[in-house]
Structure formats: C-alpha cells, structure tokens
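Peer 1: sharing a model prediction with you, sequence too.
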Amino acid sequence: MSIKEELQQLADRMNARPGPIETLHAIYRFHIHEIGTYQVAFENARVIVSEETGGTADCILTLSEKTFHKLLADDLNTTMAFMTGSLKVDGKLGLALKLQEVLKQYV
C-alpha cells in the first residue's frame with residue numbers, strides 16, 4: 001500500500017469518527033525520505049490529504065518511510081525520535097505532539 005493510500009485510509013477513519021479531531025485546526029506536511037511530500041489538513045473536524053504542498057504548513061515533519069509507518073501505527077515515541085534525529089520537526093512542536101495524541105485514537 002502506498003503512503004498516500006495509508007494516509008487516505010487514516011483520513012477516512014478520522015472523518016467517519018471526528019470527535020478526537022474536532023478542535024484540531026492545523027496543516028501538517030510530511031517530508032518522507034525517498035518517497036515524497038504529503039500534506040494533511042485538519043479543519044472543521046475534517047481531514048484532507050494531498051500531495052499538493054502549497055500554502056504554509058503549521059508543522060513540518062521530516063522522517064524516513066520506516067519512521068513514518070511507526071508513527072501511523074502508534075509504535076513511535078515521538079520525543080525519542082526527535083531527540084535522536086530520526087524525526088525532524090519545523091514549525092510548532094506542540095502540534096507534532098498533538099498529532100501523536102490524535103493518532104492513538106485511530107489505531
């Protein structure tokens with residue numbers, strides 16, 4: 001399954017049960033080494049996944065494909081990944097932590 005398909009499946013689960021994302025208003029950009037860049041926008045209790053990266057992202061995460069899969073599976077300690085350099089965060093660090101909290105609700 002492609003990264004985009006995984007993100008879309010996650011977005012579909014979130015959109016079907018939006019409770020945990022109702023207060024999240026942010027644009028995340030994922031730079032996945034050797035794969036590409038994806039944008040995930042949370043707005044009005046909806047999630048939109050796109051390969052378009054126009055506009056300003058609130059939180060930019062740069063990581064490997066392996067680290068990305070661990071993040072989606074809630075099998076990643078984001079604080080440790082950040083401290084060891086396997087996850088780089090630009091923008092609002094608090095939003096990266098919020099994303100981890102939200103993902104736990106949909107695993």
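Peer 2: Good, I have the coordinates.

Peer 1: pretty sure residue 36 contacts residue 2?
Peer 2: No - Residue 36 lies out of contact with residue 2 (Cβ atoms under 8 Å); the separation is 9.9 Å. For every residue, glycine as well, the C-beta is placed using N, CA and C.

Peer 1: neighbour count for these two, which is higher?
Peer 2: Using other Cβ atoms under 10 Å as the criterion, residue 36 and residue 2 rank with residue 36 on top: 13 against 9.

Peer 1: so what's that one bridging to?
Peer 2: Per DSSP bridges, the residues bridged to residue 36 are residue 32.

Peer 1: residues making contact with stretch 50-64?
Peer 2: The contact list for stretch 50-64 (Cβ atoms under 8 Å, 6 or more residues apart in numbering) reads 4, 26-33, 36-41, 71, 81, 86-93, 95-96, 99.

Peer 1: give me the buried subset of the residues you listed.
Peer 2: 26-32, 38-41, 71, 81, 86-87, 89, 91, 95-96, 99 (16 or more other Cβ atoms under 10 Å).

Peer 1: residue 101: which element?
Peer 2: helix 93-104 (DSSP states H and E).

Peer 1: measure how far the host helix or strand of residue 39 is from the centre of its chain, please.
Peer 2: According to DSSP H and E, residue 39 maps onto strand 36-43. Offset of strand 36-43 from its chain centre (Cα atoms, centre = their mean, to the nearest Å): 7 Å.

Peer 1: can you name the element that comes right after it?
Peer 2: Once the chain leaves strand 36-43, the next helix or strand it forms, by DSSP H and E, is strand 46-50.
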